[in-house]
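1. Below: sequence and its predicted model.
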Amino acid sequence: MTNQMPPPPSLGCRSQPILKQRGQREVFCGLTGIIWLHRKIQDAFFLVVGSRTCAHLLQSAAGVMIFAEPRFGTAILEESDLAGLNDAHAELDRTVAELLERRPDIRQLFLVGSCPSEVIKLDLSRAAERMTQAYAPKVRVLEYSGSGIETTFTQGEDACLAAMVPVLPETDAQELMVVGALPDVVEDQMLGLLSDLGIGPVRVLPARNIDSDTAVGPNTVFALTQPFLGDTHAALERRGARHIAAPFPFGEEGTTAWLRALAREFGVSDETFDAVTEAPRRRARQAVAQAAEPLSGNSVFFFPDSQLEIPLARFLTRECGMSAIEVGSPYIHDGIHGPDLELLPAGPQLSEGQDVDLQLDRCREASPDLTVCGLGLANPLEAEGLSTKWAIELVFTPVHFYEQAGDLASLFARPLRRKSILGVAAE
Ligand code: SF4
């Protein structure tokens, strides 16, 4: 007899045991976030207090900026500065004074800490306080750490936004704050959708400049657009704001679920919701169906890198027909990742943190069709015959919300398509 029962609903992965490993890890440091943050916050300057290595990382990662007046730089601490920390403070003060004199357009200055031991010993919070007193109200000086010892590359944004939360103005207004740096064009699409749904007032963090209306208080509700904002989430809750948990807005399903959570909060009717979302949902579904064709039936293995892994695994398994073997993330935070874990079909190994050699062994043994990992692992794995996708591309490319859903699937499809073309050519 044929079983006509529908398949059981996905049990999800939210309560599944998580493999936790701590060992050597292969990730970029939090300084990398400056590359997208300096584009977003248009009156900011990011001054890395670091070594020549930090300067090289920034220069090579953001080489195109030589054509523009840069909005980041590195104050290099030489080994000799170790001799006297007071001298290092005086040197930093002098560098900042020169910078602000030369660049009156700077309204927000971020001092960004790094790994060298001489920087760790320097109290940047004291420096930021001293400078705020000297330059307020024209310039606000904040500090955070982008050190590779403490942060993976997307945590740089988290640390930066978390540093901004305590100095946001207080408000009692009932407002929605959308948190996470999105490319301007994507942010405008999102604001358009929220406005069409009648949801507002909407504030964003980070705002494009210091004069924005972004404020926080006990009547603020906030939604995250990036799954790596754990510290910012905690900082906002400390200011009395309430988080609206939702799957992240990747793909048609994630975007709809994210918008629906906000719509419920703001009392939007189902009719309005359907009327506003129907056309973009259809476009997104069509774009994903087309772009995901090479992905269907293939397996994927995520190394922990960007903290986007869980929502992306949900997108690839539920909308693109892939199966996930392992979904690794640097950190798994139930309050933030729970709704995506609930939707992720049971089956993959969930892992948090990394012992890279052990994880490489698991990956080789599983021999996935696609491996999502950092740059450092991609080349060796490609040499071993595995197809890889660089996780860092996922934060440099517009991938959120309906209009980018097809591009998101294409990003993953490209390595598989390349491999099949090369395979055909080699035959
Ligand atoms: S912060 Fe640390 S890991 Fe990052 S570039 Fe500087 S020295 Fe290297």
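-> Perfect, I can see it now.
2. pretty sure Ala241 is touching Glu175, no?
-> No: Ala241 lies out of contact with Glu175 (Cβ atoms under 8 Å); the separation is 9.3 Å. C-beta coordinates here come from the backbone N, C-alpha and C atoms, glycine included.
3. Identify the contacts common to the two.
-> 220-221 (Cβ atoms under 8 Å, 6 or more residues apart in numbering).
4. Return the residues of the stretch 1-150 of the chain in contact with the ligand.
-> Taking Cβ under 6 Å from any ligand atom as the contact definition, the stretch 1-150 of the chain meets the ligand at 29, 31, 50-51, 53-54, 57, 114-115, 146-148.
5. most neighbours, which of those?
-> Gly146 (31 neighbours; other Cβ atoms under 10 Å).
6. Take the residues of the stretch 1-150 of the chain next to the ligand and keep only those in helices.
-> If you go by DSSP state H, these have 53-54, 57 in helices.
7. show me where the stretch 301-427 of the chain has helices.
-> 309-319, 334-343, 356-366, 375-383, 393-396, 405-426 (DSSP state H, counting those that start in this stretch).
8. State the number of residues packed around Gln16.
-> 14.
9. Could you give the number of residues near the residue lying closest to it once chain neighbours are set aside?
-> Closest residue in space to Gln16, ignoring its immediate chain neighbours: Leu350 at 5.8 Å, by Cβ to Cβ, 6 or more residues apart in numbering. Neighbours of Leu350 under the rule other Cβ under 10 Å: 24.
10. Can you pull out the low-pLDDT segments for the stretch 1-150 of the chain?
-> 1-11, 62-69, 78-86 (pLDDT under 70).
11. ok, which stretches of it are helices?
-> Taking DSSP H, counting those that start in this stretch as the criterion, the stretch 1-150 of the chain carries its helices at 34-40, 52-61, 85-102, 117-121, 124-135.
12. related to what we said a few turns ago, and the pLDDT for the residue nearest to Gln16?
-> Leu350 carries a pLDDT score of 96 in this model.
13. Was I right to think it contacts Leu19?
-> Yes: under the criterion of Cβ under 8 Å, Leu350 makes contact with Leu19 at 6.8 Å.
14. Quick check: the nearest residue to Gly374 once chain neighbours are set aside vs Lys121, distance?
-> Using Cβ to Cβ, 6+ apart and skipping the chain neighbours, the partner closest in space to Gly374 is Asp305 (4.8 Å). Counting by Cβ to Cβ, to the nearest Å, the gap from Asp305 to Lys121 is 29 Å.
15. Of the two, which one has the most company?
-> Neighbour count, other Cβ under 10 Å: between Asp305 and Lys121, Asp305 has more, with 29 against 12.
16. Quick check: the gap between that one and the ligand.
-> Distance of Asp305 to the ligand, computed by Cβ to the nearest ligand atom, to the nearest Å: 15 Å.
17. follow-up on the earlier one: got the helices of the stretch 301-427 of the chain as a markdown table, with mean pLDDT columns?
-> Shown next, in a markdown table, are these (pLDDT from 0 to 100):
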| stretch | mean pLDDT |
| --- | --- |
| helix 309-319 | 97 |
| helix 334-343 | 96 |
| helix 356-366 | 94 |
| helix 375-383 | 90 |
| helix 393-396 | 88 |
| helix 405-426 | 82 |
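18. Nearest to the ligand, out of those helices?
-> helix 375-383 (12.1 Å; Cβ to the nearest ligand atom).
19. That closest one and the ligand, any residue contact?
-> No: using Cβ under 6 Å from any ligand atom, helix 375-383 never reaches the ligand; the gap is at least 12.1 Å.
20. Identify the residue of the protein closest to the ligand, quick one.
-> Gly148 (2.6 Å).
21. Could I get the contacting residues of that residue?
-> Taking Cβ under 8 Å, 6+ apart, one finds 27-31, 114-115 in contact with Gly148.
22. would you turn those into JSON lines with distance to Pro104?
-> Shown next, in JSON lines, are those (distance: Cβ to Cβ, whole Å):
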{"residue": "Val27", "distance to Pro104": "37"}
{"residue": "Phe28", "distance to Pro104": "32"}
{"residue": "Cys29", "distance to Pro104": "31"}
{"residue": "Gly30", "distance to Pro104": "28"}
{"residue": "Leu31", "distance to Pro104": "26"}
{"residue": "Ser114", "distance to Pro104": "27"}
{"residue": "Cys115", "distance to Pro104": "32"}
